[in-house]
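Engineer: structural data only, the sequence is not supplied:
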């Protein structure tokens, strides 16, 4: 049975990308609702959720990076029609992700509070952040397994399953947020802890959905999943050649964003709260590009697996065009309705006024992001993940350096600090495009 043969057309690209985009809409809608609920609790809860959430997300990125590496390899084997090897890749991925979840849970349990004590100045934000992390750390176990399933289904180009899982997760999260944050339907009022617990439970619901699909639709038999044979050192070596650099890349990238919010925290609680609102809007508007970016690694890896290396640049140009056009449509909401959008998250007039100037900066960043991220994902999809890591490190060095510089100026404003997003995606995209055109990836065997 054929699963693999994607074609280099706009319709094929969008057919594979669209379910991922819808899934990301659901996932990011979950974050938007979290922020809207917590905004009713005040600036401290908003800022604390940003710090605690980004701390958790930064650590999860180690697993996400490994998952992207798996996705590239599964996409390559799928393009070749070598389906039986996919099961071994998946099982070995599960081994590692389970161990990683135990490791991260232990690290946060032992050192999470000490880390937050060292970097957060506001005592109110510090205490709320600790409450969030205390509950959210249990999400590592289920979250890592979800990463394995996402990598599998995107890798075999069954992206509708990923869409279904994230939609169900979002619906569950919205309902659970309502009853746990505010104490509805007989549940205790948990505040920020309820937001963390709601996310953990909704991720468990998504895992059940993934498992049900694997068993009901016979993916387990077709791809020889869950055989759980003895771990092979050579296979792990091959996986880590691709996945290792991606793990570091994702971890470094989100560590930089976490550091970025720690910089913003020093500008005050209002600046941090406004930035968390901006983050929710920003990430929601990033959805079309994130979906296309996720599909890009599989699409590029797939056509290379089919022996069509000469079509990589052609596919890249088509995806970039879709990306830019879709983002231009989305950013209109910021341009014409900024006050109305921010009002979804807070009724505080001063906080609304503080957020709108940041959104104007984000508008420009989103356009640069729409091209830069696709270029970067194309480079990763070719298998040159070590090179992609080097590009990421260079871009982040500029990113953090400029963020600290702008924040240290005497008349520093939040929007000045946010402007580094434009530089970051611009540098990353241009560097990735240079190496794609250089063509050294054509000699690489994955």
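Structural biologist: Ah, there it is. Treat the numbers as computed from the prediction; the structure is a model and nothing was measured.
Engineer: drop to CA atoms for contacts and neighbour counts, all remaining ones
Structural biologist: Fine.
Engineer: pretty sure residue 265 contacts residue 120?
Structural biologist: Yes - with contacts counted by Cα atoms under 8 Å, residue 265 reaches residue 120, the gap being 7.4 Å.
Engineer: neighbour-wise, which of those two wins?
Structural biologist: Set side by side, residue 265 and residue 120 show more neighbours around residue 265, with 23 against 19, by other Cα atoms under 10 Å.
Engineer: so which bits of stretch 406-423 are buried?
Structural biologist: 406-407, 413-423 (16 or more other Cα atoms under 10 Å).
Engineer: cool, and stretch 79-96?
Structural biologist: 79-81, 83, 85-94, 96.
Engineer: quick check, nearest of those to residue 224?
Structural biologist: residue 87 (4.9 Å; Cα to Cα).
Engineer: next helix or strand past the helix or strand bottoming out on mean pLDDT in the chain?
Structural biologist: Least confident helix or strand, the chain: helix 10-39 with a mean of 72, by mean pLDDT, DSSP states H and E. Counting by DSSP states H and E, the next helix or strand C-terminal to helix 10-39 is helix 43-80.
Engineer: average pLDDT for that next one?
Structural biologist: In this model, helix 43-80 carries a mean pLDDT of 85.
Engineer: same for the helix or strand just after it, what does it pack against?
Structural biologist: Where DSSP H and E defines the elements, the next helix or strand beyond helix 43-80 is helix 84-119. Under the contact criterion of 3 or more Cα pairs under 8 Å, 6 or more residues apart in numbering; DSSP states H and E, helix 84-119 touches helix 43-80, helix 123-136, helix 139-155, helix 233-265.
Engineer: who are the packing partners of the shortest one?
Structural biologist: Read that as helix 123-136. By 3+ Cα pairs under 8 Å, 6+ apart, helix 123-136 packs against helix 43-80, helix 84-119, helix 192-216.
Engineer: skipping adjacent residues, who's closest to residue 60 in space?
Structural biologist: residue 140 (7.2 Å; Cα to Cα, 6 or more residues apart in numbering).
Engineer: tell me who's in contact with that neighbour.
Structural biologist: Going by Cα atoms under 8 Å, 6 or more residues apart in numbering, residue 140 touches 60, 101, 102, 104, 105.
Engineer: biggest separation within the residues you listed, which pair?
Structural biologist: 60 and 102 (11.8 Å).
Engineer: give me the more crowded residue out of those two.
Structural biologist: residue 60 (23 against 14).
Engineer: which one of the buried residues of stretch 79-96 is nearest residue 19?
Structural biologist: Looking across the buried residues of stretch 79-96 and measuring by Cα to Cα, the closest to residue 19 is residue 79, at 19.7 Å.
Engineer: for that closest one, give its distance to residue 350.
Structural biologist: Per Cα to Cα, to the nearest Å, residue 79 is found 54 Å from residue 350.
Engineer: cool, residue 153 as well?
Structural biologist: Computed as Cα to Cα, the residue 153 to residue 350 distance reads 45 Å.
Engineer: the two: which is more packed in?
Structural biologist: residue 153 (20 against 11).
Engineer: run a quick neighbour tally on the residue nearest to the more buried one when sequence neighbours are not counted.
Structural biologist: Spatial nearest neighbour of residue 153, chain neighbours left out: residue 159 (6.0 Å); criterion: Cα to Cα, 6+ apart. When neighbours are counted by other Cα under 10 Å, residue 159 registers 24.
Engineer: residues in contact with residue 159?
Structural biologist: 16, 17, 19, 20, 153.
Engineer: the last one: what's it in contact with?
Structural biologist: By Cα under 8 Å, 6+ apart, residue 153 lies in contact with 159, 161, 162.
Engineer: tell me which entries of these lie within helices.
Structural biologist: Under the assignment DSSP state H, the contacts of residue 153 contribute 159, 161, 162 to helices.
Engineer: state the distance from residue 132 to residue 411.
Structural biologist: 33 Å.
Engineer: can you pull out the low-pLDDT segments for the protein?
Structural biologist: In the predicted model of the chain, residues 1-6, 23-32, 446 satisfy pLDDT under 70.
Engineer: which residues sit in contact with residue 36?
Structural biologist: 344, 345, 346.
Engineer: using a markdown table, please lay out those residues together with secondary structure, neighbour count and distance to residue 183.
Structural biologist: Listed next are these as a markdown table, based on DSSP: H, G, I helix; E, B strand; the rest coil; neighbours: other Cα atoms under 10 Å; distance: Cα to Cα, whole Å:
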| residue | secondary structure | neighbour count | distance to residue 183 |
| --- | --- | --- | --- |
| 344 | coil | 16 | 21 |
| 345 | coil | 26 | 19 |
| 346 | coil | 24 | 20 |
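Engineer: quick check: nearest residue in space to residue 427, chain neighbours excluded?
Structural biologist: residue 395 is the one closest to residue 427 (Cα to Cα, 6+ apart), at 5.8 Å.
Engineer: buried ones in stretch 347-365?
Structural biologist: Those would be 351-352, 354-363, 365, for stretch 347-365 by 16+ other Cα under 10 Å.
Engineer: please flag which of the residues you listed sit within helices.
Structural biologist: Going by DSSP H, the helices hold 351-352, 354-363, 365 from the buried residues of stretch 347-365.
Engineer: closest one of the residues you listed to residue 293?
Structural biologist: Ranked by distance to residue 293 (Cα to Cα), these are led by residue 365 at 16.2 Å.
Engineer: so what's the closest one up against?
Structural biologist: Contacts of residue 365 were listed using Cα under 8 Å, 6+ apart, and they are 419, 421, 422, 425.
Engineer: contacts for the helix or strand where residue 390 lies, please.
Structural biologist: In this assignment (DSSP H and E), residue 390 forms part of helix 385-408. Under the contact criterion Cα under 8 Å, 6+ apart, helix 385-408 has outside partners 242-243, 245-246, 248-249, 252-253, 256, 259-260, 263-264, 267, 376, 379-380, 412-414, 416-418, 420-421, 423-425, 427-428, 431-432.
Engineer: filter the residues you listed down to the buried ones, PyMOL style.
Structural biologist: Buried residues within the contacts of helix 385-408, by 16+ other Cα under 10 Å, are selected in PyMOL with:
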select buried, resi 242+243+245+246+248+249+252+253+256+259+260+263+264+267+376+379+380+413+414+416+417+418+420+421+423+424+425+427+428+431+432
